[in-house]
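J.: What shape does this take:
(one chain, ligands or ions: 1)
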Amino acid sequence: MSEPWWKSAVVYQIYPRSFADANGDGVGDVAGIRARLDHLAWLGADAIWISPFFPSPMKDFGYDVSDYCGVDPLFGTLDDFDALLRDAHARDIRVLLDWVPNHTSDEHPWFQEARTARSSPRRDWYVWRDGGPERPPNNWRAAFGPPSAWTWEEKTEQWYLHLFLPEQPDLNWENPDVVAAMHDTLRFWLDRGVDGFRMDVVHCIGKDPALPNVPPERERIPTCALIDDPRTHAHLREIRRLIDAYPNDRVMVGEVAMPWIERMATYYGDGDELHLAFNFPHIWAPWQAAAWRRCIDQTTDALAPRDAWPTWVLSNHDNKRHRTRYGSEPRARAAAVALLGLRGTPFLYAGEELGLTDAEIPEHRIVDPGGRDGCRAPIPWDDTPGRGWGPDPWLPWPPANDAASAAAQRDDPGSTLHLYRALLAARRDSPALRLGDMEWLETPDDVLAWTRRHDGDVRAVAVNFAAAEQEVEIPGRWRIERTSDRRREGDAFDGRLDPEQAVLLTRDLP
Ligand code: GLC
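T.: Residues are numbered from 1 along each chain as shown. Alright, predicted model coming up:
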């Protein structure tokens, strides 16, 4: 049996506001993505995941959806989307959308209706509780905005639940009508031909109707990171059946945004829930061999019994870019070699292939309620003054954006862009890198090295986390296929690793 495409794919995340601006209004759009597909094809991305472009009041920049089956006019039209999908598929690029099932916008017609009266037929589509205005129904904490996850509605004298902003009321997945309506939104896009979904905070959809307090020692953690209810697994099994009824391996990638890898693993079910789940502890690991090793081992140990396939991610629209977190270009490049050498599906975040650093956002330009603007700076496409954008992009540029532009890096074979392209090509050419087993090699403390093997194909990866040269011994004869600094490529490997250098090795047969 052949393996599903998403196991060997490299997925590229697009944050549509920040990716590419076709109409010059300073905000990226769907036509902009379409116009840049050749960049993605040249890079070698197998799939894109597009953060929400649905109609939205944009309180959380699209993660507050007011219509699951449309395109916000800011981003274009459904016709623009259909054209994008067609052109992406023509380049063998699959398209995943971002489905936001835990909450809608408060401007969604469902909530507008629900909030009118306690007797509204849609009242129970959201989570309401009695009480007095002075004390919320429990101690749950919202991820942004005011600390409490509850907002008091004066008009109907009840509280409603929102794990995020007050403008993002939580849907009540206990109500079968909600389940049916949300299933319909999936079918709407599947019928149009999308290849799957990234599912926003999907571990939160099932909740114990008793809504018990979280223990006092966890009271300060946003409750969305703690919710882990068995009801969600039942919902995911239903959604999986819906998705699997479509041909061509449509995929569900869940954002299970909790810090415990063992709990994250349970959302793969017995091969009957998520196909893939994000694994975030990696994104929070410092640039240290031991921290990476721990995270990789915990992931492997947690997923192996379920025969579940890992994912790896270094950057996204919610966290500082790894180039910023690790503090240097050599480290960011070495991390890319490591990421693309691991066993599992890597997710890249647009601009990571350009080695972008987060923008410095002056206080008066901060727009995100969670303060995540820095990693959402626009992508510089060329070195013209507008960088390929309209005159006034919605956020400031990242530093060094002329030299970092896609056009400038395409002309420089030593650039980060060319490194990513070479690594993606190496993966595509090597069954071992795409699908192979992974085995650790013995190394000095500051180095991690492993082999990957599949059907006679073998690769090795070695990463030097130290600022000093290191020696590794890797049994057998190896040739350097790629290095993070593009030096000594093609040479026989003599065991020497430059400071903060990562190498991808291929067997050198006598
Ligand atoms: C997820 C998204 C984040 C959003 C939140 C609420 O964590 O990645 O951007 O703010 O969910 O939808």
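J.: Let's verify the closest residue to residue 406 other than its chain neighbours: helix, strand, or coil?
T.: The shortest distance from residue 406 to any non-neighbouring residue, by Cβ to Cβ, 6 or more residues apart in numbering, is to residue 381 (5.2 Å). Heads up, the C-betas are built off the backbone N, CA and C, glycines and all. Per DSSP: H, G, I helix; E, B strand; the rest coil, the secondary structure class of residue 381 is coil.
J.: Can you check the pLDDT for residue 381?
T.: Listed pLDDT for residue 381 reads 98.
J.: Double-check it against residue 388; I have them as touching.
T.: Yes. The pair residue 381 / residue 388 is scored as a contact, 3.0 Å apart, by Cβ atoms under 8 Å.
J.: quick one on the thing from earlier: could you list every residue that touches the residue nearest to residue 406?
T.: 20, 36, 387, 388, 389, 405, 406, 407 (Cβ atoms under 8 Å, 6 or more residues apart in numbering).
J.: pLDDT and neighbour count added to the residues you listed, as CSV?
T.: Listed next are those as CSV, based on pLDDT from 0 to 100; neighbours: other Cβ atoms under 10 Å:
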residue, pLDDT, neighbour count
20, 98, 24
36, 98, 20
387, 96, 20
388, 96, 20
389, 96, 26
405, 97, 21
406, 98, 23
407, 97, 16
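J.: quick one on the thing from earlier: and for residue 381 and residue 388, which residues touch both?
T.: Common contact partners of residue 381 and residue 388 (Cβ under 8 Å, 6+ apart): 20, 405.
J.: any idea which of the contacts of residue 381 is the one closest to the ligand?
T.: Set against the ligand, the nearest of these by Cβ to the nearest ligand atom is residue 20 (19.7 Å).
J.: What helix or strand is the nearest residue to the closest one once chain neighbours are set aside located in?
T.: Leaving aside its chain neighbours, residue 20 sits nearest to residue 32 (3.3 Å; criterion: Cβ to Cβ, 6+ apart). Assigned by DSSP states H and E, residue 32 falls within helix 30-35.
J.: Pull up the residues of the stretch 301-450 of the chain that are close to the ligand.
T.: Residues of the stretch 301-450 of the chain lying close to the ligand (Cβ under 6 Å from any ligand atom) are 317, 318.
J.: just the strands in the stretch 301-450 of the chain please.
T.: 311-313, 345-349, 437-440, 447-454 (DSSP state E, counting those that start in this stretch).
J.: Nearest to residue 331, out of these?
T.: strand 447-454 (13.5 Å; Cβ to Cβ).
J.: Give the other helices and strands that that closest one contacts.
T.: For strand 447-454, the packing partners by 3 or more Cβ pairs under 8 Å, 6 or more residues apart in numbering; DSSP states H and E come out as helix 289-303, helix 431-435, strand 437-440, strand 457-464.
J.: any residues touching the first one, and which ones?
T.: This means helix 289-303. 261-262, 264-265, 268, 279, 281-282, 285, 309-310, 338, 342-344, 438, 440, 443, 445-448, 463, 465.
J.: How far away from the center of its chain is that helix?
T.: Chain-centre distance of helix 289-303: 19 Å, with Cα atoms, centre = their mean, to the nearest Å.
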